[in-house]
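Colleague: Could you work out the structure for the sequence below:
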Amino acid sequence: MEKLVVSLDFLEFPPTYTCDGEDESPPIRIRGLSASSVAVMAVNPFIKSCCSFTPWLIWNIGPVEVIPAGIPKTGVVDSPISAVQGRNDLGKIGYTGPCPPVGSTHRYSFKVYGLDSMLTLAPGSNKADLVGAMRGHVVQFGDTVGMYRR
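Modeller: Got it, this is the predicted structure:
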């Protein structure tokens, strides 16, 4: 599997991308992409009350070097890029930024999958649905991490 180089413009989340700001999705930079489409799964692997928490699922992004910030919180996205979003672990469609309790840190891992095709998957689908739909279609992978402390 080919490696993608994935990066954020920060290591520590600016408030804009958290519950303390506008709660916008951050820009994600992708280098080395040769796939037909992209899917992103954001994961906070250390939520003490449960397990791995998924605050964002988005797929059917065409090949781009940058997934722009501020993706609208709708199932079908037409602007600033075309994409489809799923229901996160809070039961919401779209991105939900880090919001740790005061005195603790949340870590978000942005897992970026290069796929050999667009996925036939309904808006609002969950993580298990996305994982199942991607099975056999992942040709590239990369990830990056951002931290937020309150």
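Colleague: Number of residues surrounding the closest residue to Met1 other than its chain neighbours?
Modeller: Once flanking residues are discounted, Met1 sits nearest to Phe141: 5.9 Å by Cβ to Cβ, 6 or more residues apart in numbering. In this view, the C-beta of every residue, glycine as well, is placed from N, C-alpha and C. Around Phe141 there are 15 other residues, counting by other Cβ atoms under 10 Å.
Colleague: Pull the contacting residues for Phe141.
Modeller: Counting by Cβ atoms under 8 Å, 6 or more residues apart in numbering, Phe141 touches Met1, Lys3, Leu4, Lys111, Val112, Tyr113, Gly114.
Colleague: what do you get for Leu119?
Modeller: Taking Cβ under 8 Å, 6+ apart as the test, what Leu119 contacts is Ser37, Ala39, Trp59, Asn60, Val84, Leu130, Ala133, Met134, His137.
Colleague: mind showing which ranges of this protein have poor pLDDT?
Modeller: 46-51 (pLDDT under 70).
Colleague: Looking at it, which residue reaches furthest from the middle?
Modeller: Gly103 (24.9 Å; Cα atoms, centre = their mean).
Colleague: what residues are up against that one?
Modeller: Counting by Cβ under 8 Å, 6+ apart, Gly103 has contacts Arg150.
Colleague: hmm, back to that, Throw the contacts of Phe141 into JSON lines and include neighbour count and secondary structure, thanks.
Modeller: Conversion of the contacts of Phe141 to JSON lines gives the following (neighbours: other Cβ atoms under 10 Å; DSSP: H, G, I helix; E, B strand; the rest coil):
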{"residue": "Met1", "neighbour count": "9", "secondary structure": "coil"}
{"residue": "Lys3", "neighbour count": "11", "secondary structure": "strand"}
{"residue": "Leu4", "neighbour count": "21", "secondary structure": "coil"}
{"residue": "Lys111", "neighbour count": "15", "secondary structure": "strand"}
{"residue": "Val112", "neighbour count": "24", "secondary structure": "strand"}
{"residue": "Tyr113", "neighbour count": "23", "secondary structure": "strand"}
{"residue": "Gly114", "neighbour count": "24", "secondary structure": "strand"}
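Colleague: sorry, back to before: name the nearest of the contacts of Leu119 relative to Thr96.
Modeller: Leu130 (16.0 Å; Cβ to Cβ).
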